[in-house]
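*Asks:* need coordinates for the below:
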Amino acid sequence: MIYCEALGPLEVTQDGAPAPDDLLWRRNIGLLLYLARAPARRCTRDHAIGLFWPEKDQAAARQSLREAVRILRRSVGEDHLRTHGDQLELTADGVEIDTERFDRCMAAGDWGGAAALVRGKFADGFAVPNAFAFEDWLMVEQGHWLRRSMDALIAYAEQRLAAGDLLGADEPARRALQLDPLSQRALRTVMARVALAGDRAGALELAQGHASPLEPETAALAERLRRGRERRLPRVATAPEGSVAWRRAPLIARERELAEILACWRDVRPGGAAVAIALATAGAGKTRLAEEVMARVGLAGGVCVATRAVPADRDQPLAGVLSLAHGGLLDAPGVAAAAPAALAALGRVAGEWAERFPAARTPGEPDLVAALSEVLRAATAEQPLLIVCDDAQWMDAASLAALETLLRNLARAPLLLLVTATDEPEPPTLVELRSHVGRDLRGVVVRLGHFDAHAIETLVRWALPTYTPEEAERLSRRIAQDSAGNPLLVVEICHALARGLDLGVTSGAWPRPLGTLDQTMPGDLPDTIVAAIRVGFNCLTPDARAALAAAAVLGGEERVSAQRIGAATRLEGAGLDAALDELEWRRWLVVEPRGYSFVARIVRDVVQRDMVTPGQARRILDAGGGGG
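*Replies:* Coordinates of the predicted model:
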């Protein structure tokens, strides 16, 4: 059986071994390639002569063709290269060509399978001297397969990006751009991959260095990136070749949940509000999932308004509604078109709104829910809007009830409300909201579980790429025992291992019977996890360590502002910004306009207990303006 690889430099094998030398003569292999790609795998003798021997007289050309057919028959088999009068026909089972496998993969929607077959341009580098008609045919084939190959590579890269798999998206996206450096669809895919990894500047450099003027869609993506937030990070934090210890762990085992929420987003864009609720135990990655959704919505041109509740919010009526006013809504395009009464209502509870719209001030008690509905209606008339309420289990009951009211008031608006919460226990008002999803509210409910053995092993291979499969499998079992598959703990251990943690000197397993991460005290954590947190802390820059210690001491159950962290550490300006950006990038802290909070309470507790002395804590409290 002859197998021909044509999606790249031309390679031909026979029964898995190198093909005979005489088969590989250029005109012989060219004729084989042409017949394999010809309609019905047929051509006339005269057509073959015109393709490969146009310079010879008729008798000599026919003799050359007979010799080529003899050599091909010897290789493919007498029954697989037939002649019918003036016709040459290659049977389907005589030669297999990778383009046929490619077509089958594409027809089945197997973008990854199709992308794996693409090694370069069709028959790259192959030529037959003086065969000008064949060269013309080859040029047409190369154009056809370039388009098909680009479709496969970019579709696969976009599929991996949609699943949160930045590592899996990187190789096909960059191969597409190498295959066709002028392709702006490939450029946009690579820019999205780089931007989602946090390297906004790197994505913009790609656009600025492109060889041709940017298409409108590419220019719009670049403009959205320019308007986005710029983190002050060491280059190694975002470089693809940078240390694993600096890179964010890939999103693992969340493909289905991410896809369902993004499908909701696509559904609301034409109009029609929906809600997506993500439930999980503490440390299972609900905040990370929300960040992934926001990043993709932002790249697609949507507006994101985000807030994150903390325990102190539970006893403050409508604190969650107020947080939306502080959570970036003021900067959403279109809010200025809202009714003056609505702007005035928000101005009476949020100073930044009063400063932006001083003429809207009116007396009277504000109806915050009605005002927020009106402002959101104005904002969504301009662009689709994503509202994220993270850690909603800490929201006050009135705010949770108001979320459902907002959805009903804006039923026809292009609005997606994404709510994340722990499900142990789930607030009754959130249970009520969830009960309406799929009945009288459009939307989806997803639950994030702990990592299984495959997910843990995937992270181990990412963190320790030099490990053998047997070593990775043994280490995965150990991490599963120590962490019970809790994603936060698994990621911390993997990062610490990449930074040099020795599991041989640690022991213990988590959790205790019936325990959850929110119920766990630092003393209940196994040595492995505490050691991992310590390693991570010590790998921070000195300024970031100081800022994290201050956040742990000052925060308590509340957010802590950048100003208080700066006062407690004597950091200011660019130095403070860089330290806080590093902590956010390394996923120690989460930021919203009202301040910073820890991604996980247990991490804060370990930092406060083990990384800060009593004297340091006292000095932080004194400098930072009192206790948290």
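*Asks:* residues contacting Ser149?
*Replies:* Contact partners of Ser149, counting by CB atoms under 8 Å, 6 or more residues apart in numbering, are 7, 118, 121-122, 176, 179. Where you see a C-beta, it was placed from the backbone N, CA and C, and this is true even at glycine.
*Asks:* which one (most neighbours) among those?
*Replies:* Among the contacts of Ser149, the one with the most neighbours (other CB atoms under 10 Å) is Ala176, at 27 neighbours.
*Asks:* ok, that residue - contacts?
*Replies:* 149-150, 153-154, 157, 183, 186, 189-190.
*Asks:* so which of those residues belong to strands?
*Replies:* Applying DSSP state E to the contacts of Ala176, no entry is found in strands.
*Asks:* circling back: in a markdown table: the contacts of Ser149, plus pLDDT, secondary structure and distance to Ile533.
*Replies:* Converted to a markdown table, the contacts of Ser149 look like this (pLDDT from 0 to 100; DSSP: H, G, I helix; E, B strand; the rest coil; distance: CB to CB, whole Å):
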| residue | pLDDT | secondary structure | distance to Ile533 |
| --- | --- | --- | --- |
| Leu7 | 97 | strand | 48 |
| Val118 | 97 | coil | 43 |
| Lys121 | 96 | coil | 50 |
| Phe122 | 97 | strand | 53 |
| Ala176 | 97 | helix | 40 |
| Leu179 | 96 | helix | 44 |
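*Asks:* which two among the residues you listed are spaced furthest apart?
*Replies:* Farthest pair in the contacts of Ser149 (CB to CB) is Phe122 and Ala176. Separation: 15.0 Å.
*Asks:* burial count for the closest residue to Gly164 other than its chain neighbours?
*Replies:* Nearest residue to Gly164 in three dimensions, chain neighbours excluded: Leu251, at 3.2 Å (CB to CB, 6 or more residues apart in numbering). Neighbourhood size, Leu251 [other CB under 10 Å]: 21.
*Asks:* secondary structure class for Leu251?
*Replies:* Using DSSP: H, G, I helix; E, B strand; the rest coil, the structure places Leu251 in coil.
*Asks:* that one and Pro469, how far apart?
*Replies:* 23 Å (CB to CB, to the nearest Å).
*Asks:* about what we covered before: take the contacts of Ala176 and keep only those in helices.
*Replies:* Residues of the contacts of Ala176 located in helices (DSSP state H): 149-150, 153-154, 157, 186, 189-190.
*Asks:* nearest to Leu464 among those residues?
*Replies:* Comparing the ones in helices among the contacts of Ala176 against Leu464 with CB to CB places Ala157 closest, at 25.5 Å.
*Asks:* leaving out sequence neighbours, find the closest residue to the closest one.
*Replies:* Ala173 (3.8 Å).
*Asks:* in this structure that neighbour contacts Met191, no?
*Replies:* No - taking contacts as CB atoms under 8 Å, Ala173 lies outside contact range of Met191: 9.2 Å.
*Asks:* how long is stretch 295-306 from one end to the other?
*Replies:* Taking CA to CA, to the nearest Å, the first and last residues of stretch 295-306 lie 12 Å apart.
*Asks:* list the contacts of that stretch.
*Replies:* For stretch 295-306, the external contacting residues (CB under 8 Å, 6+ apart) are 161-162, 192, 195-196, 220-221, 224, 228, 262, 265, 269, 290, 294, 324, 327-329, 332-333, 379, 383-388, 390, 592.
*Asks:* just the buried subset of those, please.
*Replies:* Neighbour-count burial within the contacts of stretch 295-306 applies to 161-162, 192, 195-196, 221, 224, 262, 265, 269, 290, 294, 324, 327-329, 332, 379, 384-388, 390, 592; the criterion is 16 or more other CB atoms under 10 Å.
*Asks:* OK, contacts around the residue most central in space within the chain?
*Replies:* Centroid check for the chain by CA atoms, centre = their mean gives Gly164 as the closest residue, at 3.2 Å. With contacts defined as CB under 8 Å, 6+ apart, the neighbours of Gly164 are 250-251, 254-255, 258, 292.
*Asks:* redo that, cut-off 7 Å
*Replies:* The contact partners of Gly164, by CB atoms under 7 Å, 6 or more residues apart in numbering, come to 251, 254-255, 258, 292.
*Asks:* run a quick neighbour tally on the residue nearest to Gln316 when sequence neighbours are not counted.
*Replies:* Taking CB to CB, 6+ apart, and ignoring the residues beside it in sequence, Gln316 has Asp396 as its nearest neighbour in space, at 6.0 Å. Residues near Asp396, counting by other CB under 10 Å, number 20.
*Asks:* check contacts around Asp396.
*Replies:* Counting by CB under 7 Å, 6+ apart, Asp396 makes contact with 313-314, 316-320.
*Asks:* local confidence estimate at it?
*Replies:* On the pLDDT scale, Asp396 is placed at 91.
*Asks:* now it: how far from Leu318?
*Replies:* Asp396 is 7 Å from Leu318, where distance means CB to CB.
*Asks:* just the terminal-to-terminal distance for stretch 73-89.
*Replies:* End-to-end distance of stretch 73-89 (CA to CA): 11 Å.
*Asks:* for the record, mean pLDDT for it?
*Replies:* Mean pLDDT, computed over stretch 73-89, is 87.
*Asks:* gap between it and the chain center?
*Replies:* Its chain's C-alpha centre and that of stretch 73-89 lie 51 Å apart, by CA atoms, centre = their mean, to the nearest Å.
*Asks:* residues in contact with it?
*Replies:* By CB under 7 Å, 6+ apart, stretch 73-89 touches 2, 14, 19-20, 23, 35, 41-46, 48, 69, 72, 90-91, 93-95.
*Asks:* can you list the low-confidence ranges for the stretch 251-400 of the chain?
*Replies:* Applying pLDDT under 70 to the stretch 251-400 of the chain flags residues 327, 360-366.
*Asks:* repeat that for the stretch 101-250 of the chain.
*Replies:* For the stretch 101-250 of the chain, the stretches with pLDDT under 70 are 234-246.
*Asks:* what ranges does it have for its helices?
*Replies:* 111-117, 132-162, 166-179, 184-196, 200-208, 216-227 (DSSP state H, counting those that start in this stretch).
*Asks:* tell me the angle of the longest one relative to helix 184-196?
*Replies:* When you say that, I think you mean helix 132-162. Note on geometry: by axes from the mean of the first three to the mean of the last three CA atoms, to 10 degrees, helix 132-162 and helix 184-196 are set 30 degrees apart in direction.
*Asks:* for helix 132-162, buried residues please.
*Replies:* 134, 137-138, 141-142, 145-146, 148-162.
*Asks:* over to the fifth one?
*Replies:* Buried residues in helix 200-208, counting neighbours by 16+ other CB under 10 Å, are found at 200, 202-204, 206-207.
*Asks:* quick check, Thr405 in contact with Val369.
*Replies:* Yes - at 5.5 Å, Thr405 counts as touching Val369 under the criterion of CB atoms under 7 Å.
*Asks:* for those two, work out which one has more neighbours and name it.
*Replies:* Per other CB under 10 Å, whichever of Thr405 and Val369 has more neighbours is Val369, with 19 against 14.
*Asks:* element containing the more buried one?
*Replies:* Assessed by DSSP states H and E, Val369 sits inside helix 368-382.
*Asks:* list the residues that contact the closest residue to Asn486 other than its chain neighbours.
*Replies:* In space, and not counting its chain neighbours, Asn486 is closest to Gly283: 4.7 Å by CB to CB, 6+ apart. Residues near Gly283 by CB under 7 Å, 6+ apart: 486-489, 517, 600.
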